[in-house]
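**Q** Quick check, what structure comes out for this input:
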Amino acid sequence: MGNASSVLTQYDIEEVQEHCSKLFNQQEIVSLYQRFCQLDRSAKGFISADEFMSVPEFAMNPLAQRLLKMVDGLNFKDFVAFLSAFSPKASIEQKMGLIFKVYDSDGNGKVTFNDILDVLKDLTGSYMSDKQREEVLMQLLQESGYTRDSYLFFEDFVKIFVNSDLKMEVDIPVD
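**A** You can find the predicted model right below:
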């Protein structure tokens, strides 16, 4: 499983479904596998950062460099698991888990004021000044009972951001 010349068996499909908490049906998994094989141009069984960057929507994403750290070298099962956070069936906690990893760029399990500020800078570019970003972030943290020096663990992060209008969904074309 995972290179362009292989075919998914029923067992493979069921195994991938279990790996992604059954957030995709069998037809969606087959479609994702076809897309995976298209991206895995050298048929090595995983997708490199360069191959991910060939997807225009990915390359245009202001968080592309952060996401690349998470997706570089994914095999098919892990590719589907990554995408499962974008499923309409994914829970808010699954979606928040992915977002937390985007903010926690060093993978130490906590997010700092500067981590959030860096993501805000990526997202807002020149539309906001550094001072504006800091003010918005300080207000958000203070309203939630945190300070600039607080370390946010996953539970804290969810407490602050769960009330945002979070829409992380992707349509999977099924042929």
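**Q** Could I get the full set of helices for this structure?
**A** Using DSSP state H, the helices of the chain run over residues 10-19, 26-39, 49-53, 56-60, 64-71, 76-83, 92-103, 113-124, 130-143, 154-161.
**Q** Which strands or helices does the third one pack on?
**A** Using 3 or more C-beta pairs under 8 Å, 6 or more residues apart in numbering; DSSP states H and E as the contact criterion, the secondary-structure elements in contact with helix 49-53 are helix 64-71. (C-beta placed from N, C-alpha, C; glycine too.)
**Q** name the helices or strands packed onto the helix it packs on?
**A** Helices and strands in packing contact with helix 64-71 are listed as helix 49-53, helix 76-83, helix 92-103, helix 113-124; criterion 3+ C-beta pairs under 8 Å, 6+ apart.
**Q** circling back: need the helices of the chain in CSV with mean neighbour count and mean pLDDT, can you?
**A** Below are the helices of the chain laid out as CSV (neighbours: other C-beta atoms under 10 Å; pLDDT from 0 to 100):
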stretch, mean neighbour count, mean pLDDT
helix 10-19, 15, 94
helix 26-39, 18, 94
helix 49-53, 15, 91
helix 56-60, 10, 88
helix 64-71, 16, 90
helix 76-83, 20, 94
helix 92-103, 17, 92
helix 113-124, 16, 93
helix 130-143, 13, 92
helix 154-161, 16, 90
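**Q** Check the offset of stretch 98-111 from the chain's centre.
**A** Distance of stretch 98-111 from the chain centroid (C-alpha atoms, centre = their mean, to the nearest Å) equals 11 Å.
**Q** hmm, who's touching that stretch?
**A** Residues outside stretch 98-111 that contact it (C-beta atoms under 8 Å, 6 or more residues apart in numbering) are 63, 66-67, 69-70, 82, 85, 115-116, 118-119, 151-154, 157-158, 161, 166, 168.
**Q** same thing with stretch 120-140?
**A** Here stretch 120-140 has contacts from 62-63, 65-66, 113, 116-117, 148, 160, using C-beta under 8 Å, 6+ apart.
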